[in-house]
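>>> predicted structure and sequence below. I'll ask about it afterward.
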Amino acid sequence: MNIAIIGYGKMGKEIEKTALERGHNIVCVIDNESDWETKNELIVTADVAIEFSMPKVAPDNIKKCFDKDIPVICGTTGWNEHENEIRERCLNDGKALFYAPNFSIGMNFMFMINKMLARFAQHYGYELSIRETHHIHKLDMPSGTAVKLANDIIANNSNYSQWALDASKEGILPVISIREGEVFGIHNVKAVSECDEINISHQAFSRKGFAVGAVTAAEFLIGKKGLYNMNDLLNENINNN
């Protein structure tokens, strides 16, 4: 598989390493606006592009891939205001986009457990909260992963109508965001009742897990059109075994 990497920071370099280990080719790396012109002949040879850049440029990067009919794996978070536009473009024009706020397989297991906890907590007197910690270089706060955890809780627990950073009002799910050191990512959902406390947590030890998930998603997306996420990938693997 020929892969174009868009965004060549620490995550892009880890994706490159993982893709090569899995026998794929890196046909080009796009790391700034001028690369789109100077490397155009290379990127059009890509079977798929893996995009981990910055929130302010991610939507345009996706659109440029669509223009070249290149399927896109996107792991950049923090561009929610453009999500509907990108979704419509993908579906209306017959493109392919795999988006996930977190490509870690383990974190996606936690998403599933979180939904179950949210449903039961509503009926048994548990109050929920979310805490996430990341390295000081992460731009968006809270993380896209924490936002997904929060939205999944709200969808499965009618005690909460919205989330907010450090909230203390009834009906608002509190989300605490911490930026310190070089933490790869820790997410914790806490459920507290008058009798006990439940914690579900995921901690990434390195960027390797995210890179493996992203490259696996790229392998999954080949030959497909439409919008996909980690649930589609995990369910396909389960159904095929």
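Right, received. Where do you want to start? Numbering: from 1, shown residues only.

>>> excluding chain neighbours, what is closest to P55?
Using C-beta to C-beta, 6 or more residues apart in numbering and skipping the chain neighbours, the partner closest in space to P55 is G78 (3.4 Å). Where C-beta positions appear, they are placed from N, C-alpha and C, glycine not excepted.

>>> the residue nearest the centre of the chain in helix, strand or coil?
Nearest residue to the geometric centre of the chain (C-alpha atoms, centre = their mean): P101, 1.7 Å. Applying DSSP: H, G, I helix; E, B strand; the rest coil to P101 yields a three-state assignment of coil.

>>> how much space between it and I43?
Using C-beta to C-beta, to the nearest Å, P101 is found at 25 Å from I43.

>>> tell me the pLDDT of the residue nearest to P55.
G78 is assigned a pLDDT of 86 by the prediction.

>>> what about it, how many residues nearby?
By other C-beta atoms under 10 Å, 18 other residues sit near G78.

>>> hey, where'd the helices end up in this structure?
Taking DSSP state H, the helices of the chain run over residues 10-21, 35-38, 40-43, 58-67, 83-92, 105-123, 144-156, 208-221, 230-239.

>>> right, and those helices - which one's nearest H135?
H135 lies closest, by C-beta to C-beta, to one member of the helices of the chain: helix 10-21, at 9.4 Å.

>>> that closest one vs helix 208-221, what angle?
60 degrees (axes from the mean of the first three to the mean of the last three C-alpha atoms, to 10 degrees).

>>> buried sites along helix 10-21?
Residues 11-12, 14-16, 18-19 are the ones in helix 10-21 that count as buried (16 or more other C-beta atoms under 10 Å).

>>> does anything pack onto that helix? Which helices or strands?
Contact here means 3 or more C-beta pairs under 8 Å, 6 or more residues apart in numbering; DSSP states H and E; on that basis helix 10-21 packs against strand 2-6, strand 25-30, strand 48-51, helix 208-221.

>>> tell me the domain ranges of the chain?
2-103+207-239, 105-203 (automatic domain parsing).

>>> quick one: average confidence on the last one?
Which is domain 105-203. Domain 105-203 carries an average pLDDT of 95.

>>> quote the end-to-end distance of it.
12 Å (C-alpha to C-alpha, to the nearest Å).

>>> repeat for the first one
Using C-alpha to C-alpha, the span of domain 2-103+207-239 from its first residue to its last is 27 Å.

>>> what's the distance between stretch 15-30 and the middle of its chain?
Relative to the centre of its chain, stretch 15-30 is centred 19 Å away, using C-alpha atoms, centre = their mean, to the nearest Å.
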